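>>> what's the 3D shape of this:
(chains A and B)
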2 protein chains.
Amino acid sequence: MTACIMEHLHISQFLGILVVMLVAAKASGYLAQRAGQPAVLGELIGGVLVGKSALGLVNPELETIHLLSELGVVILLFAIGLETDLGRLVKVGATSLAVAVAGVVLPFALGFSACQLLGQSVVVSIVAAATLTATSVGITARVLSDLGRLQETEGQIILGAAVIDDILGLLILGVVAELTEGREVSGLGILQTTASALGFLGAALLVGTHLVPVLFRWASRIELPGTATALALIAAFGLAWLADRCGSAMIIGAFAAGLLVARAPQSREIERGITEIGHFFVPLFFVAVGAAVDMRALNPLDPSTRPALIFGLALIVTGVAGKLAAGYAPFWFRGNKMVVGVGMVPRGEVGLIFAQAGLASGVFDAGLFGGATMMVIVTTLFAPPVLKYLLGPGVPSELEVESKVIDGLVNDA
Amino acid sequence: MTACIMEHLHISQFLGILVVMLVAAKASGYLAQRAGQPAVLGELIGGVLVGKSALGLVNPELETIHLLSELGVVILLFAIGLETDLGRLVKVGATSLAVAVAGVVLPFALGFSACQLLGQSVVVSIVAAATLTATSVGITARVLSDLGRLQETEGQIILGAAVIDDILGLLILGVVAELTEGREVSGLGILQTTASALGFLGAALLVGTHLVPVLFRWASRIELPGTATALALIAAFGLAWLADRCGSAMIIGAFAAGLLVARAPQSREIERGITEIGHFFVPLFFVAVGAAVDMRALNPLDPSTRPALIFGLALIVTGVAGKLAAGYAPFWFRGNKMVVGVGMVPRGEVGLIFAQAGLASGVFDAGLFGGATMMVIVTTLFAPPVLKYLLGPGVPSELEVESKVIDGLVNDA
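Residues are numbered from 1 along each chain as shown, chains lettered A, B, ... in the order given. As a prediction, the model looks like this:
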C-alpha cells in the first residue's frame, strides 16, 4: 500500500490511448515490413513517435498502460515458451551459459574502463557498466521469430543465453541498488538471490511436469470453448507471479509456464488462443518501450547535450563490442557466432530499467541518463536490421506462419 | 488531471489479482453450467465470493482492474454488435422503444410511490426510483446468448430495448446528478443530451457504413495474420471513445462498431479473434460486477440492517414488477411478453452506478445504499434462472456454438 503517484485515468482516455498505441504499432509495423525489416522495429519506432520524444500521446508511466505492457511481455514470453523445445534448449545449455556469462563480463569490463577514461566517478562507472550487461529477451526473441529463425541452433542459444542473462541481470540490479544506496554489498545476499532464482525455475519445471498434464487432461473433459486458453493464462500469470515472489524474474516464470503448457493435450487450441490475445497485448509492450524513450536529451544541435552524447557513444561502442565478442566465447560452437553476438546486443526495456534505477538513485544526472538511454535506443534498433542482413529472408511459408504462435505474434503488423 | 485516489498496483499483485479473477470466473462458471444455469450467473457469484463481501481478494475500485473490466464490457458489446443484424433490429424498433420507455416509466413510478409510502424524502425517492430504471444490456445479452436465444425475436426486442434504455439511463443519470447537487434541472440540458446521444449513433452508422468496407478492403491486402482483428479493435475502442466524447454511452459506440465491422470482408477472421480476446476480458467484467457488491450490509441476523432490508425489498418488488409489466407494453406484439419482461429485469453494473452516484452525493446513507445494492443483486441473479426456466434448454448445436462469437463468449466457463 504505497502512496499513489499516478494520474487518475478515465475510461475514455484509456480507450483513446489504446487506439493510439494500436494504430502506431500496426501502421509502423506495416511500414517496417514493407521496408524489409522486422515488424517489431516498426512497433518500437511507432512507440517513439507517439511517446515522450515526439507527439506525447502515450505516457508509458501511467499505471494501467505500464501494467498492460508488462502483461504483454509476460504473454510474449509464455508464447515463446510454448514454442520452445526444452530438450533442445538443454542441449545448447553450456553454449548459452558461456554466451550469457561472457555477455555480462565483457560489456561490464569495457564499459567500466571507458567511463573511467572519460573521468566519471567509480559509482557512475559501475552503474553505467551494469546497464550494458542487460539483454532484452523479448526483443531478441521477437526479432528472431520475425525472421523465422527462432527454431535454429543460433536462435536457441540466444534464447537460452537471454534467459540466463535475465537471472544475472537480477543479481546485478540487486548489487547496483545496494551500491547506489551506499550499503555494503554482501556475498551472502548475492548467493541468496541466485539460489532463489535458479531454485524457482528448477522447482517449477519439476512440479509442473507432473502437475500440468494431469490438470489439463482433467480440464479437457469440460467441453466449452475457451477453457484450455483460460487455464493456460492462469498458469502463465500464476507462475509469473510466483517467480516474482520467489525473487526471480516474472518473465522467467511466464517462460517456464510456456515450456510446461506445451505438453498439454490441448496445446494446439491454446496456441491459437494465445496468438489472438498476443496480437492485442504484445504490440502494447513494444510501443510502450519506444514511448519511454526521450530523444530530446540527445539533440546533436544543442551544445548542452554534447557530454551526454560522448558518454552515450562510449557506451554504444563498448556495449556492442562486448556483446559481439560474447558470441565468440563458446569457442567449441561451430555455427554462426556473429549471429549469436548480434542477437545479444539489444538492451530494450531491461536496459531502460537499469538506467532508470541509476536516475532514480541520483547516480545519473539527466545528461548521463540521456546518454544511457541513447545506448539503449541504438542497441535495440541495431539488432533487427543487422540480423536481417546476416540471415537473409528465409521466412517460413504462409501456412507455417499461420500455424505458429510466435510467428503469429511476429507478423501482426 | 484529477488527483489520484487509488493505491499503486505492482505488476506481481496485478498478476495475482488476474489469476484470482480468472479462476473465480472459470470455476464458478463451470459449476453454474453443471447446475444447468448460464455461465454468467456463475461468474457473477464467483465475483461476489472473491470481492468485498467475502474473501476480499479483488478490489474492483483499483484503477487498472476497473479499466480492464470496462474494456471487457466494451468488447462484449462489440461482439454482440458483430452478431446483430441491423435490419432485424430496426424491424423490431417500435416494439423495443415501447418496452424501453415503459421499462423506465413504470419502475420509476412504482419505486417512487413505494419510497414515499416508506416515509423517505422526495430526493431519496427520486434517486432510488431512478436506480430502478436501469437495464444491464451486458448481462441481458450474455444470458440470452448463454441460452442460444439472442437471434430470436424476443432476444432482438430485449437487445434493442436495452440499448435504448442505456440512452435513457444517461439522461436520467444527468438529471439525478443535477438534482443531488441541488441545481435546477433544465429541459434544454435534457434535450441536448438526447440529441447528442441519438445524433452520435446516427452519424456513426451513416459514416461508418461507407467508410468501414473501404478501410477493411484496403487492409485485406496486408497478408499478415492479426491485421483485421487489430483494425476491428481500433474501430471498437475508437467509436466507444467517440461516443463518450459526444455525451453518448461508451458501450453504444462499441455496439455500433460491431454492427459496422460485421460487413467487413474479413468478418469471420475478426469473429474468431474477438472471441479469443473476449474469453479473457469479458469474464473480468462480470467478476468485477460481482466483486463490487457488499453483501455484509444486508445481514438479516443483524437488527441494524433491518430498515435497509425493508427498503431493499420494496425496491425489489417494484423493480421486478415494473420491468415485467414493461414487457406487456407493446400490446401489438404476439410473441412471449413474459420473456421480454424478465429479460429487462437485471440491473447489473448500470444499477450499481446509479446507487453509487446516490451514495457519493450523500443522498443515500450506507443503509439505503445497502438496500439499493440488494435490489441490484437480486434482479441481476433473478433473470438467468427464470429465463432458463421460461425458455427451456434449446442451446444450439456444438458446431454452431463454435462458430459464433457470442456463443463463444458465453460458454467460456
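
>>> which parts of the stretch 151-300 of chain A sit against chain B?
For the stretch 151-300 of chain A, the residues in contact with chain B (C-beta under 8 Å from any C-beta of the partner chain) are A:222-227, A:229-231, A:233-234, A:237-238, A:240-241, A:244-245, A:250, A:272-273, A:275-277, A:279-280, A:283. Yep, even glycine has a C-beta here, placed from its N, CA and C like the rest.

>>> quick check: the gap between residue A:155 and residue A:146.
From residue A:155 across to residue A:146, the span is 11 Å (C-beta to C-beta, to the nearest Å).

>>> for residue A:38, same thing?
With C-beta to C-beta as the criterion, residue A:38 and residue A:146 are 3 Å apart.

>>> what does residue A:245 give?
Taking C-beta to C-beta, one finds residue A:245 at 33 Å from residue A:146.

>>> and residue A:225, what element?
Of the helices and strands defined by DSSP states H and E, none includes residue A:225.

>>> for burial, what's the neighbour tally of it?
Neighbour count of residue A:225, defined by other C-beta atoms under 10 Å in any protein chain shown: 22.

>>> can you check the one 4 residues further on too?
Taking other C-beta under 10 Å as the neighbour definition, residue A:229 ends up with a count of 22.

>>> how about the contacts made by it?
Taking C-beta atoms under 8 Å, 6 or more residues apart in numbering or on different chains, we find residue A:229 in contact with A:269, A:270, A:272, A:273, A:274, A:277, B:276, B:279, B:280.

>>> how about the nearest residue to it, chain neighbours excluded?
Using C-beta to C-beta, 6 or more residues apart in numbering or on different chains and skipping the chain neighbours, the partner closest in space to residue A:229 is residue A:273 (3.1 Å).

>>> right, and the secondary structure at the one you found would be what?
helix (DSSP: H, G, I helix; E, B strand; the rest coil).

>>> check residue A:53 too.
Using three-state DSSP, the structure places residue A:53 in coil.

>>> what pLDDT is listed against it?
As predicted, residue A:53 sits at a pLDDT of 81.

>>> tell me the spacing between the nearest residue in space to it that is not next to it in sequence and residue A:360.
Among residues not flanking residue A:53 along the chain, residue A:295 sits closest, at 3.7 Å (C-beta to C-beta, 6+ apart). Residue A:295 is 21 Å from residue A:360, where distance means C-beta to C-beta.

>>> next up, phi/psi of residue A:189, please.
The phi/psi pair for residue A:189 (degrees, to the nearest 10) reads phi -60, psi -40.

>>> with residue A:317 instead?
With angles defined as degrees, to the nearest 10, residue A:317 sits at phi -60, psi -50.

>>> tell me who's in contact with the closest residue to it other than its chain neighbours.
Distance criterion C-beta to C-beta, 6+ apart; nearest residue to residue A:317, sequence neighbours excluded, is residue A:114 at 7.5 Å. Applying C-beta under 8 Å, 6+ apart, one finds that residue A:114 lies in contact with A:314, A:315, A:317, A:318.

>>> greatest separation within these: which pair is it?
For these, the maximum inter-member distance is 7.5 Å, found between A:315 and A:317 (C-beta to C-beta).

>>> those two: which has the busier surroundings?
More crowded of residue A:315 and residue A:317, by other C-beta under 10 Å: residue A:315, with 32 against 14.

>>> only alpha carbons, please: show the one helix or strand the more buried one maps to as PDB.
Residue A:315 belongs to helix A:306-327 when assigned by DSSP H and E. Extracted in PDB, the C-alpha atoms of helix A:306-327 (Å, rounded to 0.1, in the frame of the first residue of the first chain):
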ATOM      1  CA  ARG A 306      27.400  17.200 -26.000                       C
ATOM      2  CA  PRO A 307      28.800  15.500 -22.900                       C
ATOM      3  CA  ALA A 308      25.700  13.100 -22.800                       C
ATOM      4  CA  LEU A 309      26.300  12.300 -26.500                       C
ATOM      5  CA  ILE A 310      30.000  11.500 -25.900                       C
ATOM      6  CA  PHE A 311      29.100   9.300 -22.800                       C
ATOM      7  CA  GLY A 312      26.400   7.600 -24.900                       C
ATOM      8  CA  LEU A 313      28.700   7.000 -27.800                       C
ATOM      9  CA  ALA A 314      31.300   5.400 -25.500                       C
ATOM     10  CA  LEU A 315      28.500   3.100 -24.100                       C
ATOM     11  CA  ILE A 316      27.300   2.200 -27.600                       C
ATOM     12  CA  VAL A 317      30.800   1.200 -28.800                       C
ATOM     13  CA  THR A 318      31.600  -0.800 -25.700                       C
ATOM     14  CA  GLY A 319      28.100  -2.300 -25.400                       C
ATOM     15  CA  VAL A 320      28.000  -3.500 -29.000                       C
ATOM     16  CA  ALA A 321      31.600  -4.700 -29.000                       C
ATOM     17  CA  GLY A 322      31.200  -6.600 -25.600                       C
ATOM     18  CA  LYS A 323      28.100  -8.500 -26.700                       C
ATOM     19  CA  LEU A 324      29.500  -9.300 -30.200                       C
ATOM     20  CA  ALA A 325      32.600 -10.700 -28.500                       C
ATOM     21  CA  ALA A 326      30.400 -12.800 -26.200                       C
ATOM     22  CA  GLY A 327      29.100 -14.600 -29.300                       C
END
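
>>> so what secondary structure elements neighbour the strand or helix carrying residue A:251?
In the assignment (DSSP H and E), residue A:251 maps to helix A:250-261. Judged by 3 or more C-beta pairs under 8 Å, 6 or more residues apart in numbering or on different chains; DSSP states H and E, helix A:250-261 is in contact with helix A:63-83, helix A:153-180, helix A:187-219, helix A:227-245, helix B:11-34.

>>> please spell out which residues along the last one are buried.
Neighbour counts over helix B:11-34 (16 or more other C-beta atoms under 10 Å in any protein chain shown) mark B:11-26, B:28-33 as buried.

>>> show me which of those residues neighbour chain A.
Filtering these for proximity to chain A by C-beta under 8 Å from any C-beta leaves B:11-12, B:14-16, B:18-19, B:22-23, B:25-26, B:30, B:33.

>>> okay, the residues you listed in CSV with pLDDT next?
Formatted as CSV, these follow (pLDDT from 0 to 100):
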residue, pLDDT
B:11, 88
B:12, 89
B:14, 95
B:15, 96
B:16, 95
B:18, 97
B:19, 96
B:22, 95
B:23, 94
B:25, 93
B:26, 91
B:30, 88
B:33, 80
